[in-house]
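what follows is a predicted protein model with its sequence.
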Amino acid sequence: AIGAVPGLSLSNISIAYENVTAVATVDKATGNVLTANYDLKWTINFDKIGAAIPLGTRSSYVVTF
């Protein structure tokens, strides 16, 4: 189990989105979205203790009709 960190609370944590990319493929004939890909990179900053955790996620979707 992770214990409490003295002086650390939600009020001194910030999140910075540094690089976000969204790419969609669209069917030229219909205008329908066929695929969507999202690449997110962000950092959680623990301002009070001077620490940061870089994070990222990738999501891909295929749209079917």
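Structure received.

distance of the residue sitting furthest away from the middle of the chain from residue 61?
What lies farthest from the middle of the chain is residue 29; by CA atoms, centre = their mean that is 31.9 Å. Residue 29 sits 20 Å away from residue 61, going by CB to CB, to the nearest Å. Placement of C-beta: from N, CA and C, glycine included.

and what of residue 55?
Distance, residue 55 to residue 61, by CB to CB: 20 Å.

so the residue positioned nearest the centre of the chain is in which element?
The centroid of the chain falls nearest to residue 40 when counting by CA atoms, centre = their mean (4.0 Å). Taking DSSP states H and E as the criterion, residue 40 maps to strand 33-46.

which other residues reach that strand?
Outside strand 33-46, the residues that touch it by CB atoms under 8 Å, 6 or more residues apart in numbering are 8, 12-27, 51-63.

how about the secondary structure of residue 30?
coil (DSSP: H, G, I helix; E, B strand; the rest coil).

relative to residue 65, how far out is it?
Plainly put, residue 30 is 9 Å away from residue 65 if you go by CB to CB.

just residue 22 next, same as before
Distance from residue 22 to residue 65, counting by CB to CB: 21 Å.
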